[in-house]
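Q: Output the structure for:
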Amino acid sequence: MRCLKSAFFLFFSLFASWKATLLAQHTFSIVAVDPSTGEVGGAGATCLSLDREGYQALIISHVQPGVGAVHTQSYWNALNQYNGAIKLEERLSAQDLILWLTENDAEQNPSIRQYGAAVLSPQGDPSAAGYTGSNCLNAKKHVSGLNYSIQGNILLGGYVVDSMEARFLRSTGSLADRLMEAMRGALIPGADSRCLREGLSSRSSFIRVARPQDTLTGPSLDISVGSVRPGLDPIDSLLTRYQEWKKLTAAEPPPAGEEKSLQVQIRDGFLTISGGIAENPDQLTLSSLNGFQYPLVETSAGSRLYTLPDQLIHGVYILSVRSGSHIRSQKIVLGRSH
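A: Model prediction:
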């Protein structure tokens, strides 16, 4: 609980000046869980972006590793989202979580809200539910299954949600693959009707998946497209970055006996690597989860000490080590000072 409260402290500070309410945020999204792997996650998009309005699709999402995901959208309210995260941590079922949110709305007006929740019980059983208030902007719709909920408002038509559901149900592979397929189902000009005149589905998008061992602040998959150049659809950008993420995390395994022998240390702007294929690497590359790559340069031959680029910010990165035909990739976290 202390970790969750800390994570939301900055969150409230950022949005206090907006009086906790953003007009008609958000548009369409999906939350889902996979009881076979314990993975939980969500994805979504909206016709709002960082470069114009100053906020993006990701604002609606809360993902709790090993527990579930909840999205709070349509006249988004920071307190409602915080409460949704608290109730998710309390392991309420998806149905009970949404019922609690509607009965305890921060502004006593649940008729303008839209919610989606997917949860794993302590025993690993899935539940999912959606809610659409009667005064959400049209077109509006939600659909729910055993382990997923898809919801949208300000849509060109309810068929946007239907298309997302159809792609999700037909898809195979990991939970992340299926969430991405659902988003491709909304790759329709005007999916968010406000973006119809631009010929786009939306202007920002995201996809997030947490594995049971992940921390609250570091999901295994966390890609956000906050803004795009004119004419580029953020779902296309999301797919490109997702495919790059898959390449980085599905690299060829190292020779037998070296799977767990890679040690990485980060200190004072330098990265030190040892063990396994790192003993004689041909190339080291650091990649952000949104697709940017930074080749690392050794300070001196054989030192295995590499300078980190100055432009790196704190967050999760994928370190790829290549030696001959073998590649070893490992997730690392850079702190505020490295």
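Q: Give me the below-cutoff pLDDT ranges for the stretch 151-300 of the chain.
A: For the stretch 151-300 of the chain, residues meeting the criterion pLDDT under 70 lie at 216-217, 251-262, 276-279, 288-292.
Q: one more time with 80, if that's ok
A: Along the stretch 151-300 of the chain, segments meeting pLDDT under 80 span 215-218, 250-262, 275-280, 287-293.
Q: tell me the contacts of the closest residue to Tyr75 other than its chain neighbours?
A: Spatial nearest neighbour of Tyr75, excluding adjacent residues (Cβ to Cβ, 6 or more residues apart in numbering): Ile112 at 4.5 Å. Using the backbone N, CA and C atoms, a C-beta is placed for each residue, glycine as well. Neighbour list for Ile112: 74-75, 133, 135-136 [criterion: Cβ atoms under 8 Å, 6 or more residues apart in numbering].
Q: Phe168 reaches Ser144, doesn't it?
A: No. Between Phe168 and Ser144 there is no contact under Cβ atoms under 8 Å: 11.6 Å.
Q: Now do the shared contacts for the two.
A: If you check Phe168 and Ser144 against Cβ under 8 Å, 6+ apart, the residues they both contact are Ile150.
Q: okay, Gln108: pLDDT?
A: At Gln108, the pLDDT value in this model is 97.
Q: count of residues packed around it?
A: By other Cβ atoms under 10 Å, 7 other residues sit near Gln108.
Q: And the chain, split by domain according to the record?
A: The record's domain parsing of the chain by automatic domain parsing lists 2-249, 263-334.
Q: sorry, back to before: so which of the contacts of Ile112 belong to strands?
A: If you go by DSSP state E, those have nothing in strands.
Q: Tell me the most packed of those, by neighbour count.
A: Within the contacts of Ile112, most neighbours by other Cβ under 10 Å means Ser74, with 28 neighbours.
Q: who's in contact with that residue?
A: If a contact means Cβ under 8 Å, 6+ apart, then Ser74 has 24-26, 112-114, 132-133, 136-137, 140, 153 as its contacts.
Q: cool, and His71?
A: 26, 29, 31, 42, 44, 60-62, 115-117, 151.
Q: If we use 10 Å, what do you get?
A: 26, 28-31, 42-44, 57, 59-63, 81, 84, 114-118, 130, 149-151 (Cβ atoms under 10 Å, 6 or more residues apart in numbering).
Q: In strands only, show me the residues you listed.
A: 28-31, 42-44, 61-63, 114-118, 130, 149-151.
Q: Roughly how far does the residue nearest to Tyr75 sit from Val161?
A: Remark: distance between Ile112 and Val161 (Cβ to Cβ, to the nearest Å) = 18 Å.
Q: ok, now Glu53?
A: 23 Å.
Q: one step back: now, of the domains of the chain, which is deepest in the fold?
A: With neighbours taken as mean count of other Cβ atoms under 10 Å, the domains of the chain reach their highest mean count in domain 2-249, at a mean of 20.
Q: chain center to that domain, what's the gap?
A: Counting by Cα atoms, centre = their mean, to the nearest Å, domain 2-249 is centred 8 Å from the centre of its parent chain.
Q: about what we covered before: which one among the contacts of Ile112 gets closest to Leu248?
A: Ser74 (34.8 Å; Cβ to Cβ).
Q: what's the distance between the closest one and Ile86?
A: 20 Å.
Q: for Gly218, same thing?
A: 20 Å.
Q: Okay, now the unreliable bits of the stretch 1-150 of the chain?
A: In the stretch 1-150 of the chain (pLDDT under 80), the answer is 1-26, 53-55.
Q: if we go to 70?
A: 1-25.
Q: just to revisit the earlier point, ok, now how distant is the residue nearest to Tyr75 from Ile318?
A: For Ile112, the distance to Ile318 (Cβ to Cβ) stands at 40 Å.
Q: now Asp236
A: 22 Å.
Q: who's the residue most central in space within the chain bridged to?
A: Nearest residue to the geometric centre of the chain (Cα atoms, centre = their mean): Arg208, 2.2 Å. Beta bridges link Arg208 to Gly42, Asp222 when assigned by DSSP bridges.
Q: longest helix of this protein?
A: helix 234-249 (DSSP state H).
Q: Tell me which other helices or strands that one touches.
A: strand 39-46, helix 175-184, strand 204-210, strand 221-225, strand 283-288, strand 315-323, strand 326-334 (3 or more Cβ pairs under 10 Å, 6 or more residues apart in numbering; DSSP states H and E).
Q: Is it possible to get CSV of these that adds distance to Leu305?
A: Listed next are the helices and strands packed on helix 234-249 as CSV, based on distance: least, Cβ to Cβ, whole Å:
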stretch, distance to Leu305
strand 39-46, 36
helix 175-184, 34
strand 204-210, 33
strand 221-225, 29
strand 283-288, 11
strand 315-323, 14
strand 326-334, 15
